[in-house]
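> Okay, predicted coordinates and the sequence, questions at the end:
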Amino acid sequence: MNVLNRTTALALMTGAFLLMLPASHAEAQDKESSVRAYSLVSPGFEAHLDMLRDGEYKARLEPFFGQLHRFSEKEMQSRRLAERIRQADGDTAELEAELDDLLEDIFNGKLEAQRQRVEEMKEEIARLEERIATRSEARDEIIRKRKSELLGHRDVYDW
């Protein structure tokens, strides 16, 4: 599952905090400025905020933590089984076969999780490339609008 890098995690925590703040008009403007500032630091920050608002991260992270729990359970089982083998007197072939099966299961599960992670990263890259292309096409308008905001000019199309 998708494991977030530090910048994205910081952006998400900040975004989650911003979403919890009261929203008077002045505060809403400050919040909007903060979101824009973090968007510059972490491209796609607004998309992360949208996913946070929509509960998409919870949906994406729950399977990851479920997998993590299953792997840790199986790792503990493998350690206990290895300890039994080390302490056993006599034939351990049956226990070792059980350990082999368990280790193969753990390995296959981790490998599949890595494959899923690669697919998710490919999807994220495609979304980012699309966003870059869209923003590149609208470059002049984005810069004009930001300059207008910084100078305190109201856009005729502002809500």
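On my side now, so go ahead.
> in this structure, which ranges drop under the pLDDT threshold?
Under the criterion pLDDT under 70, the flagged ranges of the chain are 1-65, 159.
> Helices along that one, start to end?
With DSSP state H, the ranges of helices along the chain come out as 6-20, 25-41, 45-53, 56-87, 93-137, 139-150.
> Show me what the fifth one packs onto, helices and strands only.
With contacts defined as 3 or more Cβ pairs under 8 Å, 6 or more residues apart in numbering; DSSP states H and E, the secondary structure elements packing on helix 93-137 are helix 56-87. (C-beta placed from N, C-alpha, C; glycine too.)
> could you list every residue that touches residue 74?
Remark: with contacts taken as Cβ atoms under 8 Å, 6 or more residues apart in numbering, residue 74 is in contact with 102, 105, 106, 109.
> from the residues you listed, which would you call buried?
A residue is treated as buried here by neighbour count (16 or more other Cβ atoms under 10 Å); on that basis the buried members of those are 102, 106.
> Closest one of the contacts of residue 74 to residue 141?
Of all these, residue 141 sits closest to residue 109, with 47.7 Å by Cβ to Cβ.
> Could you give the number of residues near residue 150?
The criterion is other Cβ atoms under 10 Å. On that basis, residue 150 has 8 neighbouring residues.
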